[in-house]
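here are the coordinates; sequence isn't available:
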């Protein structure tokens, strides 16, 4: 995803009503589904006071689902789906990093 025009941020509300701001990193299509990857935008969210374990603070993957004709973000259905999509995002992120490093060396 190009950051040419700046980052995209969204605010989501979890099941307990807490709001979190996320920075959109990338989107991919797989098995006729759309997946979006985010990083938490607020670094303070990694504090133990906010209920986050530092090991869990990182890439967040959500799936676009259609509910009553409206697109919404949802958690993934299984650990296997999450692992597969996570690996796909990581490959894309690493490819972008390697391309940027090669470009910087020129």
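Alright, I've got the coordinates. Predicted model only: the values in this text are computed from it and were never measured.

just give me the longest strand of the protein.
Scanning the chain for the strand with the most residues, using DSSP state E, yields strand 19-30.

just checking: what are the partner strands of that strand?
If you go by DSSP bridges, strand 19-30 pairs up with strand 8-13 (antiparallel), strand 33-40 (antiparallel).

out of those, which one sits most buried?
Of the strands paired with strand 19-30, the one with the most neighbours on average (mean count of other C-beta atoms under 10 Å) is strand 33-40, at a mean of 18. Every residue, glycine included, has its C-beta placed from N, CA and C.

after it, next one along is what?
As assigned by DSSP states H and E, the chain's next helix or strand after strand 33-40 is strand 60-67.

check which helices and strands that following strand sits against.
If you count contacts as 3 or more C-beta pairs under 8 Å, 6 or more residues apart in numbering; DSSP states H and E, strand 60-67 packs onto strand 33-40, strand 70-74, helix 79-105.

apply 10 Å and report the result again.
Strand 60-67 is packed against strand 8-13, strand 19-30, strand 33-40, strand 70-74, helix 79-105, with contacts defined by 3 or more C-beta pairs under 10 Å, 6 or more residues apart in numbering; DSSP states H and E.

quick one: buried residues of it?
60-63 (16 or more other C-beta atoms under 10 Å).

adding mean pLDDT and distance to residue 73, write the strands paired with strand 19-30 out as JSON lines.
Below are those laid out as JSON lines (pLDDT from 0 to 100; distance: least, C-beta to C-beta, whole Å):
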{"stretch": "strand 8-13", "mean pLDDT": "90", "distance to residue 73": "7"}
{"stretch": "strand 33-40", "mean pLDDT": "94", "distance to residue 73": "7"}
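
mind putting those strands into JSON lines with distance to residue 70?
Compiled in JSON lines, the strands paired with strand 19-30 are given as follows (distance: least, C-beta to C-beta, whole Å):
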{"stretch": "strand 8-13", "distance to residue 70": "15"}
{"stretch": "strand 33-40", "distance to residue 70": "14"}
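
against residue 41, how distant is the spatially closest residue to residue 13 that is not a sequence neighbour?
Distances taken as C-beta to C-beta, 6 or more residues apart in numbering put residue 19 closest to residue 13, at 5.2 Å, once the chain neighbours are dropped. As defined by C-beta to C-beta, to the nearest Å, residue 19 lies at a distance of 11 Å from residue 41.

perfect, I'm done here.
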